[in-house]
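> Quick one: sequence and predicted model below, then my questions.
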Amino acid sequence: MTISRRNTLALLAGAGLMPLTGVSGADQAESLKALGKRKGLNVGNAIGAASFRDPAYLALMGRECNVIVAENECKWPALEPRQGQANYEPADRMFAWAREQGMLIRGHNLLWQTARWQPAWINQYDFGARPALAAERLIREHIAAVCKHFGSQVHSWDVVNEAVDPADGALRRNVLTERLGAVEEIDLAFRLAREHAPQAQLVYNDYMRPDDGSARHRAGVLKLLQALKARGTPVQALGLQSHIGSWDEMGPGSKGLLEWRKFLDEVSGMGLDLLVTEFDVNDRKLPADIAARDAGVAALAKDYLDVTFSSPNCRDFVMWGMADHMNWLQGWKEAPRLDGLPMRPAPFDSRLNGKPLRTAIADAIKAMPPRSRAPG
């Protein structure tokens, strides 16, 4: 499916997206990407195969964003579901559309450390008499092939995703780390990404949060980054997934946000950039009343983004599904709303109307200190 710049505004108007409900004054005519551009911030969204088939949603994304990330289509299980059988077509279609829109492209991800999210054939692989060499060969072949295929169009790669266990801060184990060592495997992945994608920003991506329950997770991420820096690993940035929610102990002056500020400062002190890579707000403990719930979501987001955007080395903000019905939390069974109602975690509702969360994001961008202009 191809939607040109010329048709974007027409589709938005036809879908009832102009003006944006719940978005006041000057913001009605100004996109998030335009607001971001003035402050040096890229604004993006993750899109999957189903949402990519929705013309109105694509039009909304074209209006609001200058960055795309494929939700699942660049992950190893999607690209190589069976060993030696590559499937790049879904990602290629998305990225062709993104280039037509003038968007930057983020790659997510080269390695996902959780064993259940690796290709099934990897978990069943016979590593033979020299398991370390076999594991290294698999990683080399995968990263070389993926980086070669997508080439210079990818400006930023999540090289390794979710390597730290939030329960204790230790590094996760999988069939590859068991053969190579955890830090050694991660270091190898970054060195290979630098070799085969020399133009790309190389990112470690994880979902640590500001709340007290995430303290071990944050400590584990800092320990990993320190170990990588000590080895000379070419890691350049930390991806802050930012799946925040109503379980987080956040609010103006809260201990959680003070700890988050310290965490961001420690990462920045290592010379690393910061990216918000997967933003949404879980509303599962907020009231059922839509107005009250939306106001609570917006307040949580504004508090979080004001602190995060205050770091001048944060130049990317990517939503993980920018409309409620397209957001992954609708199908997440591990933490649903206790009343069974659909979540409202995104800046636009299921009719693609702007919500208070969209206004909170815009306000946080307008309030953030300017930084060096973002590319794109």
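Received the coordinates, thanks. Numbering: from 1, shown residues only.

> contacts and neighbour counts: CA atoms only from here.
Will do.

> next helix or strand past the helix or strand of the chain with the lowest mean pLDDT?
None of the helices or strands of the chain scores lower by mean pLDDT, DSSP states H and E than helix 5-14, at a mean of 38. Tracing the chain past helix 5-14, the next element assigned as helix or strand by DSSP states H and E is helix 32-39.

> what helix or strand does Val160 sit in?
Per DSSP H and E: strand 154-161 holds Val160.

> Using PDB, list the CA coordinates for that strand.
The C-alpha trace of strand 154-161 is given here as PDB (Å, rounded to 0.1, in the frame of the first residue of the first chain):
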ATOM      1  CA  VAL A 154      18.400   2.300   9.100                       C
ATOM      2  CA  HIS A 155      19.700   5.200  11.000                       C
ATOM      3  CA  SER A 156      19.400   3.500  14.500                       C
ATOM      4  CA  TRP A 157      19.500  -0.100  15.600                       C
ATOM      5  CA  ASP A 158      18.400  -1.700  18.800                       C
ATOM      6  CA  VAL A 159      21.300  -4.100  18.700                       C
ATOM      7  CA  VAL A 160      20.400  -6.000  21.900                       C
ATOM      8  CA  ASN A 161      17.000  -6.000  23.600                       C
END
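
> May I have the beta-bridge partners of Leu171?
Legend: beta-bridge partners of Leu171 under DSSP bridges are Val164.

> same thing with Asn205?
Judged by DSSP bridges, the bridge partners of Asn205 are Asn161, Gly239.

> I'd like the numbering to begin with 6 instead of 1 from here.
New numbering, starting at 6: the last item is Asn210.

> which residues does it contact?
Asn210 sits next to 163-167, 243-246, 282 when contact means CA atoms under 8 Å, 6 or more residues apart in numbering.

> go on, Leu227?
Neighbouring residues of Leu227 by CA under 8 Å, 6+ apart: 271-272.

> any idea how far it is from Ala64?
Noted for Leu227: a distance of 39 Å to Ala64, by CA to CA, to the nearest Å.

> same check, this time on Lys42
Look at Lys42 and Ala64: by CA to CA, they are 19 Å apart.

> for the protein, what are the low-confidence residue spans?
Applying pLDDT under 70 to the chain flags the ranges 6-34, 252-259, 378-381.

> All the helices of it, residue numbers only.
10-19, 37-44, 54-57, 60-69, 81-84, 94-105, 125-128, 136-155, 182-185, 187-201, 220-236, 260-274, 295-314, 361-372 (DSSP state H).

> Quick one: closest of these to Glu339.
helix 220-236 (18.7 Å; CA to CA).

> what is the orientation angle of the closest one with helix 260-274?
Between helix 220-236 and helix 260-274, the angle comes out at 10 degrees (axes from the mean of the first three to the mean of the last three CA atoms, to 10 degrees).

> what angle separates helix 220-236 from helix 187-201?
Going by the same axes, to 10 degrees, helix 220-236 makes 60 degrees with helix 187-201.

> Buried ones in helix 220-236, by neighbour count?
Buried residues in helix 220-236, defined by neighbour count with 16 or more other CA atoms under 10 Å: 220-230, 233-234.

> Return the closest of those residues with respect to Val151.
Taking CA to CA as the measure, Val151 lies nearest Leu233 of the buried residues of helix 220-236, at 22.8 Å.

> correct me, but that closest one touches Val240?
Yes - with contact defined as CA atoms under 8 Å, Leu233 and Val240 form a contacting pair (7.4 Å).

> for the nearest residue to Glu78 once chain neighbours are set aside, what are its contacts?
Counting by CA to CA, 6 or more residues apart in numbering, the nearest residue to Glu78 once its immediate chain neighbours are dropped is Ala96, at 5.4 Å. Applying CA under 8 Å, 6+ apart to Ala96 gives the contacts 75, 78-79.
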